[in-house]
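K.L.:
show me how the following folds:
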Amino acid sequence: MKTPYGEGLAIFLTDYGPESDHIWTCIQQEAEYKGQIWSWHNSEVRVLDNRSMLRQADPPQPIPVQQAYNRFQTLAQEEDKS
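P.N.:
Numbering: from 1, shown residues only. You can find the predicted model right below:
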């Protein structure tokens, strides 16, 4: 995960319920914090790139409504043929 102290390995997730932020416990992997264990609120961390999961640092740009509709229609027609 990307944390305020660089990359960290998430080892635990604490969920205090619907009215609270998740808390990620991470082992820091970089610089002076390497090997230290820190806990971060959900809003403070981000996932890293992962090509096998098609996850990119920059999220894909939204597509125009007409293009999305056309894509949906194409998929629906292909499903009807099955």
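
K.L.:
doesn't Thr74 lie inside a strand?
P.N.:
No. Assessed with DSSP: H, G, I helix; E, B strand; the rest coil, Thr74 is helix; it does not lie in a strand.

K.L.:
run the chain-centre distance for the strand or helix carrying Gln66.
P.N.:
Element membership for Gln66 (DSSP states H and E) is helix 65-81. Distance, stretch centre to chain centre, for helix 65-81: 27 Å (CA atoms, centre = their mean, to the nearest Å).

K.L.:
number the residues from 5 up from this point.
P.N.:
Done: numbering now begins at 5, and the last item shifts to helix 69-85.

K.L.:
distance check, the residue of the chain most remote from its centre against Tyr20.
P.N.:
Counting by CA atoms, centre = their mean, the extreme residue of the chain relative to its mean C-alpha position is Lys85, 34.9 Å from that point. Plainly put, Lys85 is 48 Å away from Tyr20 if you go by CB to CB, to the nearest Å. C-beta here means a position set from N, CA and C on the backbone, and glycine is covered the same way.

K.L.:
how close does Thr78 sit to Lys85?
P.N.:
Applying CB to CB to Thr78 and Lys85 gives a distance of 11 Å.

K.L.:
what comes up buried for the helix holding Gln70?
P.N.:
Neighbour-count burial for helix 69-85, counted by 16 or more other CB atoms under 10 Å, picks out no residue.

K.L.:
stretch 7-14 too?
P.N.:
7, 9, 11-12.

K.L.:
list the contacts of Ile15.
P.N.:
Taking CB atoms under 8 Å, 6 or more residues apart in numbering, we find Ile15 in contact with 29-31, 41.
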